[in-house]
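[1] Predicted model follows, preceded by the sequence.
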Amino acid sequence: MRYMMLIYSKEVPDLSGRDYSGHRVLMEEAARQGVLVAAEPLAPPSTATTVRLADGKAMVTDGPFAETKEQLGGYYILDCANLDDAIDWAGKIWTACKRADSIEIRPMPGLPARVGT
């Protein structure tokens, strides 16, 4: 099953000086083991655009969905054998990140096939 690992940390206004070498090593390991589906850092929350439904219309605002001291800084999508395997990988991500406060693991069960296909 695919799992999304959401990396949360305190907001860092400038990502230009970040050292991603630990993530590169981890992504190479995950690729060698055949579990890496995707992994990317995200731009800071100040770059976010949020769309909400208000009175049946889309309302667009600048900024993240919620005010918080933590930010979603990046993600991994890994194809793991089970939740225990995903938890092991989350520990490796946390170690590679060095700044993560938490790693949230979410199963990705996939969408059902479209009707008529």
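    Cool, got the structure. Residues are numbered from 1 along each chain as shown.

[2] and the helix or strand harbouring T50, how far out from the chain's middle?
    Assigned by DSSP states H and E, T50 belongs to strand 49-54. Offset of strand 49-54 from its chain centre (C-alpha atoms, centre = their mean, to the nearest Å): 21 Å.

[3] what pLDDT, on average, does it get?
    Across strand 49-54, pLDDT averages out at 84.

[4] Reduced to three states, what does G34 come out as?
    Secondary structure assignment for G34 (DSSP: H, G, I helix; E, B strand; the rest coil): coil.

[5] Need the pLDDT of it.
    Confidence score, pLDDT, at G34: 96.

[6] how about it, phi and psi?
    phi 80, psi 20 (degrees, to the nearest 10).

[7] And for stretch 75-89, what's in contact with it?
    Outside stretch 75-89, the residues that touch it by C-beta atoms under 8 Å, 6 or more residues apart in numbering are 1-7, 27, 30, 34-40, 42, 93, 105, 107-108. The C-beta positions use only the backbone N, C-alpha and C, and glycine is treated the same way.
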